[in-house]
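# What follows is a predicted structure for the sequence shown.
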Amino acid sequence: MASDRAGEYRLQPQGFRAFVPVALPPVPSIRFDAELIRTLSSADRALARLDGVASVLPNSDLFVAMYVRHEAVLSSQIEGTQSTLEDILEFEAEARPEVDPRDVEEVVNYVAALKYGLQRLDTLPLSLRLIREIHAKLLAGARGSNRDPGEFRKIQNWIGPKGTAIERATFVPPPVPQMNEALDGFERFLHDSESLPPLVHCAVAHAQFETIHPFLDGNGRVGRLLITFLLCARNILKHPLLYLSYHLRLHRAEYYDRLMAIRNEGDWEGWLRFFLRGVEAVAESATQTARTILELRERSRTRIDGPNALRLLDYLFDHPVLNVRMAEAHLGTSYVTASAAIEELVGSEVLREITGQKRNRLYRFDQLVSLFERQVTPTASAISPATTES
């Protein structure tokens with residue numbers, strides 16, 4: 001606690017110390033040494049390559065759908081949810097995945113909140129109002145729905161292992177009066193497009209939001225959503241294809257250590273190096289995935305002759321697990337015609353029936369799902385955190 005560059009710990013009348021952040025941008029200003037400049041440059045180039053690949057996708061909205069679900073699963077797993085990508089896809093196909101339904105609800109809500117926020121950015125600037133709206137979508141009807149969805153907290157919260165008393169917490173965010181002051185400054189910083197390079201601005205904003213911790217639940221997920229909204233609002237990406245939850249989950253301990261180093265030591269530069277390395281790695285992976293998806297689409301089209309099967313193929317990039325009723329609704333045809341289109345896709349080895357039943361069958365676009373599935377299997381470190389920044 002040798003630095004007040006990010007804020008200071010203040011002793012409260014109840015006997016615990018809470019951290020009160022100072023306004024952004026940091027003072028003294030970010031030290032852009034040679035290493036940080038190289039890291040920022042590499043991240044910028046990786047994002048430019050990703051945006052370039054996204055611009056040639058024949059229908060970017062179809063390809064974005066799987067990235068959104070991918071992020072939803074990973075971000076929710078950071079908080080301990082054990083739903084997999086397969087569970088979400090089966091749920092959307094009106095099947096019943098063998099998992100706690102509350103886990104599925106959390107991920108489905110995350111998808112809805114992300115889509116909602118991206119749509120609202122067309123009519124509303126990124127602001128405290130929009131953040132509250134997104135939080136309400138995130139918690140609606142799911143775990144945490146009794147913890148003031150869409151409202152900033154009116155009582156003290158703290159971070160630590162479940163059941164930890166506030167006096168032994170890992171971190172105590174600012175008390176409510178100071179939280180409100182910090183949120184006012186945070187909103188002004190969201191609209192500051194001059195003081196820092198866009199990616200650095202995004203990284204600093206995410207860390208500050210997690211330090212303020214303004215909700216009783218869902219702070220981690222909202223903070224990760226904020227990264228995507230900032231990238232799109234600042235026109236760094238035209239299509240929301242970059243999500244950092246994979247990097248943050250893979251390096252979960254370092255993620256929390258870097259946030260604490262900002263608070264305790266004012267080490268913004270260490271956090272930025274960690275964040276920007278993640279941007280570069282995830283952008284490069286997403287670029288390769290986008291290229292692979294494009295190749296998969298073209299390769300699959302060469303296997304198909306029927307017009308209905310061809311029309312259904314693009315739908316599969318949005319709904320890679322489906323039943324005949326979903327195909328029927330999409331094609332606007334009879335059940336028999338939709339079933340025939342699915343059978344053509346099965347015969348062409350594009351789809352695979354996954355239930356083994358004669359009724360209520362489900363079909364899976366294996367090659368697409370497998371591109372994302374490898375990255376979303378829960379690990380012990382992902383689902384058994386020692387410290388929870390919820």
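All right, it came through fine.
# Quick check: Ala93 vs Thr164, distance?
40 Å (C-beta to C-beta, to the nearest Å). (Each C-beta comes from the backbone N, C-alpha and C, glycine too.)
# So if I had to pick from those two, which one is more boxed in?
Taking other C-beta atoms under 10 Å, Ala93 and Thr164 do not tie; Ala93 has more neighbours (18 against 14).
# Report how many residues lie close to His201.
Neighbours around His201, by other C-beta under 10 Å: 21.
# Kindly apply the preceding question to Asp314 instead.
15.
# List the beta-bridge partners for Ile159.
Phe171 (DSSP bridges).
# which SSE is the residue nearest the centre of the chain in?
Central residue of the chain (C-alpha atoms, centre = their mean): Glu71, 4.2 Å from the mean position. Taking DSSP states H and E as the definition, Glu71 sits inside helix 60-78.
# how far does that helix sit from the chain's center?
7 Å (C-alpha atoms, centre = their mean, to the nearest Å).
# the inter-axis angle of the following helix or strand past that helix versus helix 60-78?
As assigned by DSSP H and E, the chain's next helix or strand after helix 60-78 is helix 85-92. On the basis of axes from the mean of the first three to the mean of the last three C-alpha atoms, to 10 degrees, helix 85-92 is oriented at 120 degrees to helix 60-78.
# Run through who's touching helix 85-92.
69-70, 72-73, 96-97, 99, 103-104, 107-108, 111, 319-321, 362, 364, 369, 372-373, 376 (C-beta atoms under 8 Å, 6 or more residues apart in numbering).
# can you give me the strands for the stretch 201-350 of the chain?
Taking DSSP state E, counting those that start in this stretch, the strands of the stretch 201-350 of the chain run over residues 321-322.
# Now that Ala46 has come up, it's in contact with Leu276, right?
No: Ala46 is beyond contact range of Leu276, at 9.6 Å (criterion: C-beta atoms under 8 Å).
# what residues are shared contacts of the two?
Common neighbours of Ala46 and Leu276, using C-beta under 8 Å, 6+ apart, do not exist here.
# Let's test this: mean pLDDT of the helix or strand containing Glu106, rounded?
For Glu106, the host element (DSSP H and E) is helix 101-120. Taken as a whole, helix 101-120 has an average pLDDT of 86.
# repeat for stretch 55-74
Per-residue scores along stretch 55-74 average to 79.
# Now do Asp366: how many residues are near it, please.
Neighbour count for Asp366, taken as other C-beta under 10 Å: 16.
# Could you find the closest non-adjacent residue to it?
Arg352 (5.4 Å; C-beta to C-beta, 6 or more residues apart in numbering).
# Can you tell me how far Ala205 is from Leu226?
With C-beta to C-beta as the criterion, Ala205 and Leu226 are 7 Å apart.
# about what we covered before: what about the residue nearest to the centre of the chain, distance to Arg168?
33 Å.
# Could you pull out the buried residues of the host helix or strand of Arg45?
Arg45 belongs to helix 34-55 when assigned by DSSP H and E. For helix 34-55, burial by neighbour count (16 or more other C-beta atoms under 10 Å) applies to 36, 39-40, 42-44, 46-47, 49-51, 53-54.
# Equivalent analysis for stretch 226-233, please.
Across stretch 226-233, burial judged by 16+ other C-beta under 10 Å covers 226-233.
# Tabulate the residues you listed (a markdown table), appending distance to Glu298 and pLDDT.
Listed next are the buried residues of stretch 226-233 as a markdown table, based on distance: C-beta to C-beta, whole Å; pLDDT from 0 to 100:
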| residue | distance to Glu298 | pLDDT |
| --- | --- | --- |
| Leu226 | 35 | 95 |
| Ile227 | 31 | 93 |
| Thr228 | 28 | 90 |
| Phe229 | 32 | 93 |
| Leu230 | 33 | 93 |
| Leu231 | 28 | 91 |
| Cys232 | 28 | 89 |
| Ala233 | 33 | 90 |
